[in-house]
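**Q** with the sequence up front, the predicted model follows.
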Amino acid sequence: RRQFQCCLGLALVCAGYGLYEAQAIRPEHVVITTPKLPTGQRLRIVQLSDVHLGILLGEKRLAKIIRVASAARPDILVSTGDLIDGILTHDSTMPCQFQQIKPRLGAYAIPGNHEYYVGFERAKSMTQAAGFTLLKGEYATVGPIVIAGADDAAAQRTNSFQPLPAHPSTSFTLLLKHQPQISAESPFDLQLSGHVHKGQIFPFNLVTWLRFPIKCGLTQLANGRQIYVSRGTGTWGPPIRFLAPPEVTIIDLVARDS
């Protein structure tokens, strides 16, 4: 009986901490230098990922996400998939609240697997209501950089997958791709991904690592390319995180001499 009580007490403590950690949205700062920006130029990109906007997110946590992202004063705001999730009516005001962030050069998003699970057209309208331009196998020239938006593999289930066409460019190319997998057909300088949540609840990060071995954070790749994998900004399922705190990623892209 005592062992059962100890296990139950430990489980309750972990769950309580997990509820707290899920609320503790923190900024993560990354600096990327590149010779592909004009001399002296600096660009701030703020990444949201896996917000899972739905009835379980809650107004308080959404307000904190928006507050942290706004405080960073982004030039560009991006969402790397799973922005929309759960039950939201079309007249919900929750997506519109993202328009408070006001990035100088605009906001861009890609679909994740959950955008297809809830219905792509519905998710698309809500993403646009949040102020994002949705890129589905498309490119956008934004200031001095090119943003490439990869479609998610979940689109293949509905036969609506849009491959990213070749787009040779000498500009810095930022690839938004929900799942942290590297594709040789998609040239980029920096790839931003999410999806894995760092397992969300330890030790599930060990399970996600078997499927997606690129670790969360910044990883150097061949030919000077880099990938940043976010731990995610929201939660999927229960609003609990354990040893995988949520983040709003602040990426400063800085010019350097070649």
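**A** Noted; the coordinates are in hand.
**Q** distance of the residue most central in space within the chain from Arg231?
**A** Nearest to the mean C-alpha position of the chain, counting by Cα atoms, centre = their mean, stands Ser49 at 1.9 Å. Relative to Arg231, Ser49 is positioned 8 Å away (Cβ to Cβ, to the nearest Å). Yep, even glycine has a C-beta here, placed from its N, CA and C like the rest.
**Q** now swap in Val146 and tell me
**A** Val146 sits 26 Å away from Arg231, going by Cβ to Cβ.
**Q** okay, strands next: where are they in the stretch 51-200 of the chain?
**A** Per DSSP state E, counting those that start in this stretch, the stretch 51-200 of the chain carries strands over the ranges 76-80, 107-110, 133-134, 138-142, 145-149, 172-176, 190-193.
**Q** now mean pLDDT too, for these, in a markdown table please.
**A** Shown next, in a markdown table, are those (pLDDT from 0 to 100):
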| stretch | mean pLDDT |
| --- | --- |
| strand 76-80 | 98 |
| strand 107-110 | 98 |
| strand 133-134 | 97 |
| strand 138-142 | 96 |
| strand 145-149 | 96 |
| strand 172-176 | 97 |
| strand 190-193 | 97 |
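**Q** of these, which is nearest Ala255?
**A** Of all the strands of the stretch 51-200 of the chain, strand 172-176 sits nearest to Ala255, with 9.5 Å by Cβ to Cβ.
**Q** contacts for the closest one, please.
**A** If you take Cβ atoms under 8 Å, 6 or more residues apart in numbering as the criterion, strand 172-176 is touched by 34, 36-37, 45, 78, 80-81, 108-110, 135, 144-150, 167, 186-192, 253.
**Q** would you give the sheet partners of it, along with the direction of each?
**A** strand 145-149 (parallel), strand 190-193 (parallel) (DSSP bridges).
**Q** C-terminal to the helix or strand of the chain with the lowest mean pLDDT, what's the next element?
**A** Within the chain, confidence by mean pLDDT, DSSP states H and E is lowest for helix 2-23 among all helices and strands, at a mean of 50. Where DSSP states H and E defines the elements, the next helix or strand beyond helix 2-23 is strand 26-34.
**Q** distance between that following strand and the chain's centre?
**A** In terms of Cα atoms, centre = their mean, to the nearest Å, the centre of strand 26-34 is set 14 Å apart from its chain centre.
**Q** what angle sits between it and strand 172-176?
**A** Angle of strand 26-34 versus strand 172-176, following axes from the mean of the first three to the mean of the last three Cα atoms, to 10 degrees, is 150 degrees.
**Q** strands paired with strand 26-34, and their directions?
**A** Checking strand 26-34 against DSSP bridges gives partners strand 247-255 (parallel).
**Q** and the partner strand, what's buried?
**A** Neighbour-count burial for strand 247-255 flags 247-251, 253, 255 (criterion: 16 or more other Cβ atoms under 10 Å).
**Q** report the mean confidence score over stretch 81-100.
**A** In this model, stretch 81-100 has a mean pLDDT of 81.
**Q** output that stretch as PDB, nothing but the C-alphas.
**A** Below are the C-alpha coordinates for stretch 81-100, written out as PDB (Å, rounded to 0.1, in the frame of the first residue of the first chain):
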ATOM      1  CA  GLY A  81       2.800  23.900 -38.700                       C
ATOM      2  CA  ASP A  82       0.000  22.600 -36.300                       C
ATOM      3  CA  LEU A  83      -1.100  26.200 -35.600                       C
ATOM      4  CA  ILE A  84      -4.700  24.900 -35.700                       C
ATOM      5  CA  ASP A  85      -6.100  22.000 -33.800                       C
ATOM      6  CA  GLY A  86      -9.100  20.900 -31.800                       C
ATOM      7  CA  ILE A  87     -12.700  22.300 -31.900                       C
ATOM      8  CA  LEU A  88     -12.900  25.900 -32.900                       C
ATOM      9  CA  THR A  89     -15.900  27.500 -34.600                       C
ATOM     10  CA  HIS A  90     -15.400  29.700 -37.600                       C
ATOM     11  CA  ASP A  91     -16.400  32.700 -35.600                       C
ATOM     12  CA  SER A  92     -13.900  32.100 -32.800                       C
ATOM     13  CA  THR A  93     -11.800  35.100 -31.900                       C
ATOM     14  CA  MET A  94      -8.800  33.100 -30.900                       C
ATOM     15  CA  PRO A  95      -7.000  33.000 -34.300                       C
ATOM     16  CA  CYS A  96      -7.500  36.800 -34.700                       C
ATOM     17  CA  GLN A  97      -5.600  37.500 -31.600                       C
ATOM     18  CA  PHE A  98      -2.300  36.600 -33.400                       C
ATOM     19  CA  GLN A  99      -2.700  39.800 -35.400                       C
ATOM     20  CA  GLN A 100      -1.600  41.700 -32.300                       C
END
